[in-house]
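Participant: Sharing a model that was predicted from the sequence below.
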Amino acid sequence: MTLTTENSKSTQDLHSRMTATRASQLTGRLKQSLIQHQAGSERLVAWVQFFVVVTFSLLYSLAPKTFTSEAEFAPVPWVLGAYFSFTVLHLYVCYRRLPPDWFTYLSIAVDMALIYVLIWSFHLQYMQPPSFYLKAPTLLYVFIFIALRTLRFEVKFILFAGGSAIFGWILMILYVFTADPGNTMVTKDYVQYLTSNSMLLGAEFDKIISMLIVTLVLATAVHRSKRLLLNSIIETRMAEDLSHFVPDQVLHDLSHSDDAPRAGQASRFQAGVLFIDIANFTSISEKFSPEQLVSTLNDYFTEVGAIMERNGGTINQFQGDAILASFEQSHDGLNSSECAIKTALEIQQRLEQARFGDQQLKLSSRIGINSGEVVGGMMGSRNRLIYTVHGDVVNLAARLEQHNKQVGSDILVSRDTRLACRDGLFEFHPEGEVKVKGRDAITRIYSVKSPDTQS
């Protein structure tokens, strides 16, 4: 007997919805995930701005000052102070919410204004003609501020940053011409340009072209990368959603596999198999509405599933009120069979205390456990798959669950499970031999209790 379920249909429907979302605008929780990512990126940008203003302030405090008259205006401290205040404001806004676009554009403009005002002030600070500041290495920070905007994965902010940088540098060049029209300091001699305060138009053109190319390259890269980011967000959400339909180990194996999942992918391994069913569920279901029944089952599955997972079990299938779970590895010092029995005992103990659904029903269950080699893998058609374990070991576990009614027990285990357990962990009581439906072999069976439980 191989258990089947409608999980595959739900999984396929979920995948179809996710694929449709990828082709359309992100909405709902996917859009919220993108906003959270961008908010984190904007906080990083604000911290970089804070680091830059602190660095500039430190460098300015250590640099020699050439102002000789108290009447002279020193713009640098005022600019750094204003930028520091804006950076603190930026950090405050970022930690409350994702800043609106207009605030981000303002932040970019402030970045560029800081750089260019500082560069412009150099000719005042060092008492040189305006062309002096055109050679300031501080211009390199412009490229840092352009690159910073890639963190938001928004092309519009990169283009605005690059455009602001180019526009600002053009204004800086025009100021050199207008500050002293009679002596623009323009030269065509490269050596004179390097050894004096002369201005070489070709050099300034190269800077503008460099800003333009860097901006376009970054914008193109981000445009292409944003699709990967969106796919990553969608795939992450899909994996989180699929984790409700398939075991975590299956998701892990699929994510690390080079092959696409297909029917027939299977492997053999030793496992403890637990089959659990609610006693007298048919009569219970007749007394309540479908909504009340679903609420009760969901509460029951939540409680029982948590115990299984806490003991290293994998829930393979839900079928009606039944659960098929497998224990495939050792956990907390117990082997797979011992984990299955420990889980069964904890479930029965919990059911004595718990009440389920709006009606606060007390439920009881019957459990069958068998151990041995099972086959775990993908089953179904080419387009609709489920993961399950199957084989004679699974069939016998299901038959033992049903045989509890004849024996009058809550938990029945096979001889193979009994032999796989160490002495002293559990209290086994022989219940004779039985030939279950669908099997020719005789099976010796045991009921089981905790050692401290009164017989």
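Facilitator: Right, received. Where do you want to start?

Participant: going forward, measure contacts between C-alpha atoms and count neighbours the same way
Facilitator: OK.

Participant: And the helix or strand hosting Gly272, what's buried?
Facilitator: Assigned by DSSP states H and E, Gly272 falls within strand 266-278. Burial within strand 266-278, assessed by neighbour count using 16 or more other Cα atoms under 10 Å, is assigned to Ala266, Gln270, Ala271, Gly272, Val273, Leu274, Phe275, Ile276, Asp277, Ile278.

Participant: Arg366 is in contact with the last one, correct?
Facilitator: Yes: under the contact definition of Cα atoms under 8 Å, Ile278 touches Arg366, with a separation of 6.4 Å.

Participant: Domain parsing of this structure, as residue ranges.
Facilitator: Residue ranges for the domains of the chain, per automatic domain parsing: 7-242, 263-449.

Participant: my guess is Ile276 meets Asn370, correct?
Facilitator: No: between Ile276 and Asn370 there is no contact, the gap being 11.9 Å when judged by Cα under 8 Å.

Participant: Name the spans of the stretch 151-300 of the chain whose pLDDT lies under the cut-off.
Facilitator: 229, 233-266 (pLDDT under 70).

Participant: most packed of the domains of the chain?
Facilitator: domain 263-449 (a mean of 18; mean count of other Cα atoms under 10 Å).

Participant: With Gly424 as the reference, measure out to Phe143.
Facilitator: Distance, Phe143 to Gly424, using Cα to Cα, to the nearest Å: 71 Å.

Participant: ditto for Leu361
Facilitator: 34 Å.

Participant: just Asn311 next, same as before
Facilitator: 19 Å.

Participant: One more: Tyr95?
Facilitator: Counting by Cα to Cα - Tyr95 and Gly424 are separated by 57 Å.

Participant: same deal with Gly438?
Facilitator: Distance of Gly438 to Gly424, computed by Cα to Cα: 33 Å.

Participant: what's the answer for Val48, then?
Facilitator: 62 Å.

Participant: packing partners for the strand holding Gly272?
Facilitator: Contacts defined by 3 or more Cα pairs under 8 Å, 6 or more residues apart in numbering; DSSP states H and E place strand 266-278 against strand 322-327, helix 336-353, strand 365-380, helix 392-407.

Participant: Show residues contacting whatever helix or strand comes next after it.
Facilitator: Next along the chain after strand 266-278, taking DSSP H and E as the criterion, comes helix 281-285. With Cα atoms under 8 Å, 6 or more residues apart in numbering as the contact definition, helix 281-285 has outside contacts at Leu293, Asp321.

Participant: can you give me the angle the helix or strand following helix 281-285 makes with helix 336-353?
Facilitator: Counting by DSSP H and E, the next helix or strand C-terminal to helix 281-285 is helix 290-310. Following axes from the mean of the first three to the mean of the last three Cα atoms, to 10 degrees, one obtains 140 degrees for the angle between helix 290-310 and helix 336-353.

Participant: quick one: helix 290-310 to strand 266-278, angle?
Facilitator: 130 degrees.

Participant: quick check: angle from helix 290-310 to strand 322-327?
Facilitator: Using the same axes, to 10 degrees: helix 290-310 against strand 322-327 is 10 degrees.

Participant: which residues touch helix 290-310?
Facilitator: By Cα under 8 Å, 6+ apart, the residues outside helix 290-310 that reach it are 285, 314-315, 321, 325, 343, 346-347, 356-359, 361.

Participant: chain center to it: distance?
Facilitator: With Cα atoms, centre = their mean, to the nearest Å as the basis, helix 290-310 stands 26 Å off its chain's centre.

Participant: quick one: average confidence on the helix or strand just after that helix?
Facilitator: The first helix or strand that comes after helix 290-310 along the chain, using DSSP H and E, is strand 314-319. When pLDDT is averaged along strand 314-319, the result is 85.
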